[in-house]
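Enquirer: Quick one: sequence and predicted model below, then my questions.
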Amino acid sequence: MAVATFIELNDNLKGKTIIPFTTHEGSGFGQSLKDLQKACPDATIKQGLSIQGRNAKTSQQTVKTFVEKQ
């Protein structure tokens with residue numbers, strides 16, 4: 001909800017590129033990407049990174065590779 005509140009209060013994402021990332025325990029992005037697209041219709045939303053929480057401690061290389069591709 002913190003991100004949703006930030007988006008609602010800040011209309012400065014128009015024309016910006018958003019690269020979402022999350023940790024989860026099985027749901028991945030869930031409904032979040034659709035909600036993000038709806039909340040930021042004038043932003044470019046790129047494919048994000050979703051890491052299962054139990055793998056977060058060992059995901060440094062995954063994150064590094066993801067960031068380098070951006």
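Expert: Happy to help now that I have it. Residues are numbered from 1 along each chain as shown.
Enquirer: check contacts around Ala39.
Expert: Shown in contact with Ala39 (Cβ atoms under 8 Å, 6 or more residues apart in numbering): Ala4, Ile7, Glu8. In short, each C-beta sits where N, CA and C put it, glycine included.
Enquirer: The second one belongs to a helix?
Expert: Right, the one you point to is Ile7. Yes - assessed with DSSP: H, G, I helix; E, B strand; the rest coil, Ile7 lies in a helix.
Enquirer: List the residues that contact it.
Expert: Counting by Cβ under 8 Å, 6+ apart, Ile7 has contacts Leu13, Leu36, Ala39, Cys40.
Enquirer: Please tell me how far the first one sits from Ala2.
Expert: Same thing as Leu13. 15 Å (Cβ to Cβ, to the nearest Å).
Enquirer: can you check the last one too?
Expert: To Ala2, Cys40 is 15 Å away according to Cβ to Cβ.
Enquirer: could the contacts of Ile7 be laid out in TSV, adding distance to Phe66?
Expert: Formatted as TSV, those follow (distance: Cβ to Cβ, whole Å):
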residue	distance to Phe66
Leu13	21
Leu36	18
Ala39	23
Cys40	21
